[in-house]
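Chemist: Could you work out the structure for the sequence below:
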Amino acid sequence: MTSKKITALSMAAGLTLTVAACGGDDASSGGGEGSLEGVSITVGSKDFDEQLILGNISKIALEENGADVTDQINTGGTDITRAALTSGEINTYWEYNGTAWISFFGETDPIPDRIEQYEAVRDRDLEDEELVWMQPAEFNNTYGIAFPTEAADELGNPTKISDLGALISDDPDMATLCVESEFSTRDDGLPGMEEAYGFEFPGDNVTVLDTALVYTQADQRDPATLVRSSPAMAALQAWT
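Modeler: I've put the predicted structure just below:
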């Protein structure tokens, strides 16, 4: 396997599998007959459930095709996992092209068209880092706003993001939002949403929690989390 880093994209609006130089000292598995016989690959992933699942899917698929796989799944957060890839500590992981565009490249304006966004990230990473983003998978992961069904009447039965503007204006005490840290600061997250829709949640009403806690706190009807925003598995959207 060459030392060129390969990034296999799995989601056009969201996700990338990355392969870098071969190596790794940890225990490996797989190997045998198949199109990847003789290839050694270290598989990594970020540290939340969706990524752990995708990392294991990659590991199994590679092993089934004869690759000798070293398991580094659950590498860490976004920055740690990206650094592991570019340094050659891992050879592959899934990444979101929106994250690459905003967080890695420092761009402030997301590209609305999912294919154009993918192509822009693909071309930039190939030129700058020799990372190759493979063909996007046929599913997409985006942020969404959700709230407990029993809170609907209290919140004015919002059905669209634009409805939250009236809630903020009419009953700001009820306009509480629970988010995970990346969404709270990204231009394609809360700041971008507020700018696009022309409203702003009261600062004291926004609670930043770990991703997993967003769900449990909203489900428990914590007063600070009657509305929530998260990149949840439940928010995955299919496309073909």
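
Chemist: Next, the buried residues of stretch 192-208.
Modeler: Across stretch 192-208, burial judged by 16 or more other CB atoms under 10 Å covers 192-193, 199, 201, 205-208. C-beta: built from backbone N, CA, C; applies to glycine.

Chemist: again, but for stretch 125-134
Modeler: Under the neighbour-count criterion of 16+ other CB under 10 Å, stretch 125-134 has 125-126, 129, 131-134 buried.

Chemist: export those to CSV and tack on secondary structure?
Modeler: As requested, the buried residues of stretch 125-134 are arranged in CSV below (DSSP: H, G, I helix; E, B strand; the rest coil):
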residue, secondary structure
Asp125, helix
Leu126, helix
Glu129, helix
Leu131, strand
Val132, strand
Trp133, strand
Met134, coil
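
Chemist: Okay, now the sheet partners of the strand ranked longest in the chain, with direction.
Modeler: Secondary structure of the chain per DSSP state E: the longest strand is strand 68-76. With DSSP bridges as the test, strand 68-76 is paired with strand 28-30 (antiparallel), strand 40-46 (parallel).

Chemist: got a list of contacts for the following helix or strand past that strand?
Modeler: Of the helices and strands lying after strand 68-76 in sequence (DSSP states H and E), the nearest is helix 78-87. Helix 78-87 has contacts (CB atoms under 8 Å, 6 or more residues apart in numbering) with 5, 7, 18, 20, 44-46, 72, 75-76, 89-93, 95, 99, 103-104, 129, 131, 182.

Chemist: and these, which are buried?
Modeler: Buried members of the contacts of helix 78-87, scored by 16+ other CB under 10 Å, are 5, 7, 18, 20, 44-46, 72, 75, 89-93, 95, 99, 103-104, 129, 131, 182.

Chemist: Would you state the helices of the protein in chain order?
Modeler: Using DSSP state H, the helices of the chain run over 49-64, 78-87, 97-99, 114-129, 163-170, 181-185, 190-197, 211-219.

Chemist: Could you measure from the residue positioned nearest the centre of the chain over to Tyr118?
Modeler: The chain has Tyr96 as the residue nearest its centroid, 5.0 Å off, counting by CA atoms, centre = their mean. Tyr96 sits 10 Å away from Tyr118, going by CB to CB, to the nearest Å.
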